[in-house]
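Asker: Return a 3D structure for these sequence lines:
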Amino acid sequence: FAQKLRERNARETAPYEDVFTSFSSLYSTLEQYRGKIKKLDYENLKRQEDIKSIISDPGKKLTENDKNFLALQQENIQLIRQHENTQREMLRMAMKVKDVGSKETQIINLEGKCYRLEQENGVLRDEFTTLQLMCKKLEEDKKNLLTENQHMLEKILLHKKEEVDVVNLHNETMKKLKEHQMFYELESARKDDNNSPEQSLSSVYLTNVSQLDNNSLSRSRVSSRCRLYSGPAIIPNTVANKVEQHSSELYSLVFSYQGTMFATGGADKCIKLWRSSNLPNVDSISTLTGCNAGVMSIDIDERDQYVVAGSNDSAVRMWQVTGGQIRSTFMGHDNKIYSVKFYSHSQKIVSGSHDRTLRLWDVRTSKNVRTIFARSSCHDLAVLSEQGTDIVSGHFDKRLRFWDERQDTSSFEMLLDGRITSLDLSGCGKFLACSCKDASTIKFIDLKLRQAIATFTADGLRMGEHTRCSFSPDGQYIACGSTDGSIFVWNTRTLKREEVPKMHSSAVPVVKWHPMGQAFISLEKSKKFYVWSDLS
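Answerer: Got it, this is the predicted structure:
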């Protein structure tokens, strides 16, 4: 650094060497002139005295010295003038030197600034190098994390497979235990009196139904639940049975196509299958486990062989009814699943989620065959045709959207007066019931006209986030539960409300008619469900 300063000093003082040399020469000349001036002043003073004496004596002649004195006085005047010029020149040079000094000060300041900037630049260069090293390390960490994430995903999939195997083993064990228990009960029953119990009226209905051709039932299916009872539905006013088997609140209920069983699910992460062939009595068939969060929606295929459910753990699972084993797990949603439905003769599944998508699944391959972005959280689904060309979804943004599975955009939309919590298709397949939470209303929609032809509401009706309405099998009635424990039923022909006694003590999220139309089941949020039937 000292060498740089010396080089800079030599480089910047060189232009001013002549100025300094001239200034020194002028200063020396000035000192000489000052000495001469003093000497001349002394001689001048002496000569002035002589001149005064000459003037006082006019007759006296000028001597040679007098002449020299006059010449010297003239020279003195010239020297004085030169002195004044020299002083002016020195003043000018002093100003120039002062200007040079100020510029040197500026140069020094600028050099100091440059030095500081070079130091800051060095610091920034070091920081940049450090950041580059950190970036490189972070990239390596990212690569390691991605590799670790891949390993973790593989482990998770392996654990899920192991979990499914454990659940299946558990279900198999429970099945064997029940078979042994049934065997011992039958053995003990042989020792008792062989008194044949009287066949209930509901079992007579189911016996007659079982004689029907299953293929003809499939061909005549026009709604999400097949109508097995051809007579008019009735509104039961009696709670014939109360069942409390779940350990937490209930969210979902669905009957099988033949009406011989139904499934319930809720926050306890399991699905319970019930035998409903001897209403109002119900018997537990099995418990399906494997969900990691609450069960929000359930459906049963048209042959009563499989149960599919969507839960809050973002997964769709399918179980075999016989044995209770998990057959498939469908992964792809990013949030809780509110609705699942079989369609295309139970060969496909459609699911709606809070992640604003609808996903179509192939049952045979367990793969996601299509994803539809619905732009709002989907709360329920209805399938209008087995081909999947008409799927209806109800959303949080109050819109009812109609879809063709072959298209990415909705073919039609309807804006209702509240957040849609549920959809239900009438038995004839011509009408749709939509429950709207904000206004606590049910919209009665003509699917051919694609418009609401009636609105059902009542004083005291308050809908919750999971309230689900349902048609009676003949489409004559619509039922819906309320958060105060009441059940509301309306006649779709007279548009009048039918009276149903209040029996629940807490919110009723779901009311579902049995496919025969002679009874319905209502879920209570506090772990119970009620079987309403006037059959004895």
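Asker: Where does Lys443 sit: helix, strand or coil?
Answerer: Following DSSP: H, G, I helix; E, B strand; the rest coil, Lys443 is assigned to strand.
Asker: show me the residues around it that make contact.
Answerer: 416-417, 433-434, 436, 452, 454-455 (CB atoms under 8 Å, 6 or more residues apart in numbering). Glycine gets a C-beta too; all of them are placed from N, C-alpha and C.
Asker: Residue for residue, what is the longest helix the protein has?
Answerer: In terms of residue count, the longest helix belonging to the chain (DSSP state H) is helix 64-190.
Asker: that older thread, so which pair among the contacts of Lys443 is furthest apart in space?
Answerer: For these, the farthest-apart pair by CB to CB is Asp417 and Ala433; their separation is 14.5 Å.
Asker: re the thing from before, need the contacts of Lys443 in JSON lines (columns: pLDDT and neighbour count).
Answerer: Shown next, in JSON lines, are the contacts of Lys443 (pLDDT from 0 to 100; neighbours: other CB atoms under 10 Å):
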{"residue": "Leu416", "pLDDT": "95", "neighbour count": "22"}
{"residue": "Asp417", "pLDDT": "89", "neighbour count": "13"}
{"residue": "Ala433", "pLDDT": "97", "neighbour count": "26"}
{"residue": "Cys434", "pLDDT": "97", "neighbour count": "24"}
{"residue": "Cys436", "pLDDT": "95", "neighbour count": "24"}
{"residue": "Ala452", "pLDDT": "95", "neighbour count": "18"}
{"residue": "Ala454", "pLDDT": "95", "neighbour count": "15"}
{"residue": "Thr455", "pLDDT": "96", "neighbour count": "14"}
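Asker: Show only the entries of these found in strands.
Answerer: Using DSSP state E, the subset of these located in strands is 433-434, 436, 452, 454-455.
Asker: Helix or strand for the spatially most central residue of the chain, just tell me which one.
Answerer: For the chain, the residue sitting closest to the mean C-alpha position, by CA atoms, centre = their mean, is Asp355 at 8.3 Å. For Asp355, there is no helix or strand it lies in under DSSP states H and E.
Asker: wait, what's in contact with it?
Answerer: If a contact means CB under 8 Å, 6+ apart, then Asp355 has 314, 333-335, 377 as its contacts.
Asker: Buried members of the residues you listed into ChimeraX, please.
Answerer: Of the contacts of Asp355, the buried ones can be selected in ChimeraX as follows, counting by 16 or more other CB atoms under 10 Å:
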select :314,333,377
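Asker: Most widely separated two among the contacts of Asp355?
Answerer: By the measure CB to CB, Ser314 and Ser377 form the most distant pair in these, at 13.2 Å.
Asker: Can you check which residues contact both of these two?
Answerer: By CB under 8 Å, 6+ apart, the residues touching both Ser314 and Ser377 are 353, 355.
Asker: Can you give the contact residues for stretch 276-285?
Answerer: Applying CB under 8 Å, 6+ apart, the contact partners of stretch 276-285 are 200, 202-203, 206, 240-241, 243, 245, 255, 259-262, 272-275, 321, 514, 518-519, 531, 533, 535.
Asker: so what secondary structure elements neighbour the one helix or strand Tyr530 maps to?
Answerer: Using DSSP H and E, Tyr530 sits in strand 528-533. Helices and strands touching strand 528-533, by 3 or more CB pairs under 8 Å, 6 or more residues apart in numbering; DSSP states H and E, are strand 239-244, strand 250-255, strand 519-523.
Asker: relative orientation of that strand and strand 250-255 in degrees?
Answerer: Here strand 528-533 runs at an angle of 30 degrees relative to strand 250-255 (axes from the mean of the first three to the mean of the last three CA atoms, to 10 degrees).
Asker: Now do strand 528-533: everything it contacts.
Answerer: With contacts defined as CB under 8 Å, 6+ apart, strand 528-533 is touched by 202, 236-244, 250, 253, 264, 279-280, 282, 503-504, 518-524.
Asker: that older thread, out of the helices and strands packed on strand 528-533, which gets nearest to Ser410?
Answerer: Nearest to Ser410, of all those, is strand 250-255, at 25.4 Å by CB to CB.
Asker: quick one: strands adjacent to that closest one?
Answerer: Taking DSSP bridges as the criterion, strand 250-255 forms sheet pairs with strand 261-266 (antiparallel).
Asker: Now do the partner strand against strand 519-523, angle only.
Answerer: Going by the same axes, to 10 degrees, strand 261-266 makes 20 degrees with strand 519-523.
Asker: residues making contact with strand 261-266?
Answerer: Contacts for strand 261-266 (CB under 8 Å, 6+ apart): 246, 248-256, 271-277, 282, 285, 294-298, 300, 304, 307, 309, 321, 512, 521, 523, 527, 529.
Asker: List only buried entries from those.
Answerer: Neighbour-count burial (16+ other CB under 10 Å) applied to those gives 246, 249-256, 271-274, 276-277, 282, 285, 294-298, 300, 304, 307, 309, 321, 512, 521, 523, 527, 529.
Asker: wait, isn't Asp404 in contact with Val392?
Answerer: No - between Asp404 and Val392 there is no contact under CB atoms under 8 Å: 11.2 Å.
Asker: picking up where we left off before, ok, the contacts of Lys443 vs Leu425, which is closest?
Answerer: Proximity of the contacts of Lys443 to Leu425 (CB to CB) peaks at Ala433, which lies at 8.0 Å.
Asker: one step back: mean pLDDT and distance to Thr173 added to the helices and strands packed on strand 528-533, as a markdown table?
Answerer: Listed next are the helices and strands packed on strand 528-533 as a markdown table, based on pLDDT from 0 to 100; distance: least, CB to CB, whole Å:
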| stretch | mean pLDDT | distance to Thr173 |
| --- | --- | --- |
| strand 239-244 | 93 | 24 |
| strand 250-255 | 95 | 26 |
| strand 519-523 | 95 | 29 |
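Asker: May I see these organised as a markdown table, with distance to Arg462 added?
Answerer: Shown next, in a markdown table, are the helices and strands packed on strand 528-533 (distance: least, CB to CB, whole Å):
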| stretch | distance to Arg462 |
| --- | --- |
| strand 239-244 | 21 |
| strand 250-255 | 17 |
| strand 519-523 | 16 |
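Asker: Select, out of those, the one closest to Asp397.
Answerer: Each of the helices and strands packed on strand 528-533 has some distance to Asp397 by CB to CB; the shortest is strand 250-255, at 21.7 Å.
Asker: List the residues that contact Leu495.
Answerer: Per CB under 8 Å, 6+ apart, neighbours of Leu495: 454, 456.
Asker: ok, now with 10 Å
Answerer: Shown in contact with Leu495 (CB atoms under 10 Å, 6 or more residues apart in numbering): 444, 453-456.
Asker: Please apply the same query to Ala507.
Answerer: Counting by CB under 10 Å, 6+ apart, Ala507 makes contact with 249, 462-464, 466-467, 481-486, 523-526.
Asker: Can you tell me the SS state at Lys502?
Answerer: On the three-state scheme (three-state DSSP), Lys502 is labelled coil.
Asker: circling back to that earlier point, show me the common contact partners of Asp404 and Val392, please.
Answerer: Contacts common to Asp404 and Val392, judged by CB under 10 Å, 6+ apart, are Ser410.
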